[in-house]
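**Student:** below: sequence and its predicted model.
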Amino acid sequence: MTDVEVRLLGEDEWQLYRDARLAALRDAPEAFVARFEDEASYDDDRWRERMSHATRIVAERGNEPVGLVCLGLHNEDPETGEVFGLWTAPSVRGQHVARDLVSTARYKAAENDYRLLYFWVVSDNASAIGFAVNFGFRPTSERRPVRVAASEAAKDADEVAMVLPLLAGPTRTPNPYPE
């Protein structure tokens, strides 16, 4: 078994991002706003263009993408980032790949001088909330309707905003997974 490497993707690596994103949509359609069928039909220019809207972080085992997360701005606020599109392949679940992906996003967010990092989680997904809390995110009172494409059951559910302060301060909860 080879080690998993987590790294930032360059804008010229749009094909690797596409492959990872489509694998995520195929594996867990209930977890994403987009549908596999829609994104599989995107042309190469659209995939290239998407690379400029967020930082794309991939986990790879050998040449195979086994995880993905994106980091962008939250509500266009230049001091607040948002982690989204988190996915790990079934073959690496339970091996801390999600933690390593989000940790890389956190370091990139700090490098970008973000004060806060948001992570939206379905409010009844105990394992996702547990993951976020164990990472250091804390729930807020912010809610929004679930934004997933494939789940009819999710229509009545909501998401809770989890926030991780990135600046040192007396109320900052340290991340229990320092690197």
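**Tutor:** Perfect, thanks for sending it.

**Student:** just the pLDDT for the closest residue to L166 other than its chain neighbours.
**Tutor:** Ranked by CB to CB, 6 or more residues apart in numbering and with sequence neighbours excluded, the top spatial neighbour of L166 is A110, at 5.1 Å. Where you see a C-beta, it was placed from the backbone N, CA and C, and this is true even at glycine. What the model reports for A110 is a pLDDT of 94.

**Student:** A110 - how many residues pack around it?
**Tutor:** Residues contacting A110 under the criterion other CB atoms under 10 Å number 14.

**Student:** how much space between it and L71?
**Tutor:** For A110, the distance to L71 (CB to CB, to the nearest Å) stands at 11 Å.

**Student:** re the thing from before, what helix or strand is the residue nearest to L166 on?
**Tutor:** A110 belongs to helix 97-111 when assigned by DSSP states H and E.

**Student:** for that helix, buried residues please.
**Tutor:** Under the neighbour-count criterion of 16 or more other CB atoms under 10 Å, helix 97-111 has V97, A98, R99, D100, L101, V102, S103, T104, A105, R106, K108, A109 buried.

**Student:** stretch 24-36 too?
**Tutor:** Going by 16+ other CB under 10 Å, stretch 24-36 has these buried residues: A24, L25, P29, A31, F32, A34, F36.

**Student:** what pairs with the host helix or strand of L73, parallel or antiparallel?
**Tutor:** Element membership for L73 (DSSP H and E) is strand 64-74. Strand 64-74 pairs in its sheet with strand 55-61 (antiparallel), strand 77-88 (antiparallel), by DSSP bridges.

**Student:** tell me which residues in it are buried?
**Tutor:** With burial defined by 16+ other CB under 10 Å, the residues of strand 64-74 counted as buried are P65, V66, G67, L68, V69, C70, L71, G72, L73, H74.

**Student:** how about stretch 5-16?
**Tutor:** For stretch 5-16, the buried set under the neighbour-count rule, 16+ other CB under 10 Å, comprises V6, L9, E13, W14, L16.

**Student:** what's the closest of those to F131?
**Tutor:** Comparing these against F131 with CB to CB places V6 closest, at 15.9 Å.
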